[in-house]
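Colleague: No letters, just coordinates:
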Ligand SMILES: Nc1ncnc2c1ncn2[C@@H]1O[C@H](COP(=O)(O)OP(=O)(O)OP(=O)(O)O)[C@@H](O)[C@H]1O
């Protein structure tokens, strides 16, 4: 083995903001290396230096022992590096095969050699047990399959280093297994993988070693076999006393009062006759596989999807919710799964995003008080530990996990009857998840009903009083959270009793 990539004494600043300091980082051929750290620690920025998106302010990069300065993403790619970012970079209107060979089309002299490209695609598909029609228009594929296309692209470009930034966030369990198989195959081909993830189980499963960053610095590199979940959290946070809370120790559900929400026989083309109640202060988890249509159910409650049948009662009164605006005026809040499209305006400042759903609170007469908005936003930053330099920064400058926390912060202190969390901890680091859980607890404590969707079943158990199991748009089971295990929920999801 030899070092394929070495980064020595790397610094990176954006204007006066210093993001990477004194980073030394190297990887070997055939190694699967995890890159870990809290939200905003600098993981993506470091990878963007290797990917040619950012150039370092200071420091040297050696590839196969030779110094190199990546001028742009194309240069990095040509040098044998592929980065699969959280935001996929495929062209949606092109076919699968066109995307895979984009920018490096095979030619016969001047003509594009489609036949040769198809042959090559077929070879990669055969080798990696992959089966997607090359002529499919990319936008028609699921996010998971689009992610697979990015990986196929990296493989067919014969990259030596493949960087995966939180690659499993949209994958089902089966798809995750396929990804892990691909990773071990790539390793056997002596390829180097750098794997960014907040899901430590995956790190233990696929990585040989882990580099841990904190506040723009490299804490160290460790063999995965020498690490535990707790040790990683302590290194990431610098808090030796950090403990992982495994079980919740409160219940604020007011079962002796009438339910705050009654959903009766809700129906759309995707949702089948769904009925359930939520009590004041109760936290109800929705568990199900990716694609089980949990989001489609709550979309009816929030007025995103129009119901074709059934009724919704809030505080025993029938309500008609035809839009998110009407949902909000009926005191329902939603932290959506798709933060980029539904939760945030990326080109706007953090404080205008934070204030957006409660704007009336910040008015002096008819005018919105910027100072009040800023004050509120700063409160959210404080209570959720959001890593920002100023709330006047644009949201797009924040790391992925910190953007997610801004989405949560919008609803803090809002007068609500019901709040829905849809995959709120996606991309959130293990220590910061507790901050999100605390917001759930705070809402429940004041009598607000909470619906909590997560694909992480441990998390659903950690947070819920009651769990509804969703399969193919129907609620198929109800479990009281009374000593139940992940396996119990899995059995229910798969109908194994
Ligand atoms: N273009 C930019 N301008 C200003 N600051 C930036 C810019 N890009 C990143 N940053 C800052 O750099 C820091 C590191 O961000 P980065 O995205 O690398 O973190 P990360 O470790 O990948 O986090 P996450 O786990 O949340 O994805 C953050 O505080 C972020 O706000």
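Modeller: All right, it came through fine. Worth saying up front: this structure is predicted, and the values here are computed from it rather than measured. Numbering: from 1, shown residues only.

Colleague: Checking residue 372 next. Helix, strand or coil?
Modeller: Assigned state for residue 372: helix (three-state reduction, DSSP: H, G, I helix; E, B strand; the rest coil).

Colleague: tell me the secondary structure for residue 45?
Modeller: Secondary structure state of residue 45, per three-state DSSP, is helix.

Colleague: From residue 313, how far off is residue 213?
Modeller: Counting by CB to CB, to the nearest Å, the gap from residue 213 to residue 313 is 49 Å. C-beta coordinates here come from the backbone N, C-alpha and C atoms, glycine included.

Colleague: Would you agree residue 49 is in contact with residue 68?
Modeller: No - at 11.3 Å, residue 49 does not count as touching residue 68 under the criterion of CB atoms under 8 Å.

Colleague: Compare those two (neighbour count), which wins?
Modeller: Each of residue 49 and residue 68 has its neighbours counted (other CB atoms under 10 Å); residue 49 has more, 24 against 17.

Colleague: Which pLDDT value goes with the residue located most distally from the centre of the chain?
Modeller: Distance from the centre of the chain peaks at residue 109, with 43.7 Å (CA atoms, centre = their mean). Turning to residue 109, the model gives it a pLDDT of 72.

Colleague: now swap in residue 242 and tell me
Modeller: For residue 242, pLDDT reads 62.

Colleague: same thing with residue 497?
Modeller: For residue 497, the predicted pLDDT is 67.

Colleague: do the same with residue 380
Modeller: On the pLDDT scale, residue 380 gets 93.

Colleague: For burial, what's the neighbour tally of it?
Modeller: Counted with other CB under 10 Å, residue 380 comes out at 24.

Colleague: So it is in contact with residue 355, correct?
Modeller: No - counting by CB under 8 Å, residue 355 is not a contact partner of residue 380; they are 9.6 Å apart.

Colleague: Identify the contacts common to these two.
Modeller: Taking CB atoms under 8 Å, 6 or more residues apart in numbering as the contact criterion, the residues that touch both residue 380 and residue 355 are residue 410.

Colleague: So if I had to pick from residue 213 and residue 313, which one is more boxed in?
Modeller: Set residue 213 next to residue 313 and count neighbours by other CB under 10 Å: residue 213 wins out with 24 against 16.

Colleague: per-domain residue ranges of the protein.
Modeller: 3-237, 261-493 (automatic domain parsing).

Colleague: Between residue 49 and residue 68, which contacts overlap?
Modeller: Counting by CB under 8 Å, 6+ apart, the contacts common to residue 49 and residue 68 are residue 61.

Colleague: So the residue nearest to residue 99 when sequence neighbours are not counted: helix, strand or coil?
Modeller: Distances taken as CB to CB, 6 or more residues apart in numbering put residue 90 closest to residue 99, at 4.8 Å, once the chain neighbours are dropped. Following three-state DSSP, residue 90 is assigned to coil.

Colleague: Next, the contact list for residue 90, please.
Modeller: For residue 90, the contact set (CB under 8 Å, 6+ apart) comprises 99, 138, 146, 149-150.

Colleague: what's the answer for residue 284, then?
Modeller: 276, 278, 449-452, 464-468.

Colleague: now those in TSV, with distance to the ligand and pLDDT?
Modeller: Shown next, in TSV, are the contacts of residue 284 (distance: CB to the nearest ligand atom, whole Å; pLDDT from 0 to 100):
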residue	distance to the ligand	pLDDT
276	33	97
278	31	98
449	29	97
450	24	98
451	25	98
452	21	97
464	25	96
465	30	96
466	31	96
467	28	96
468	30	97
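
Colleague: Return the closest of those with respect to residue 440.
Modeller: residue 450 (5.6 Å; CB to CB).
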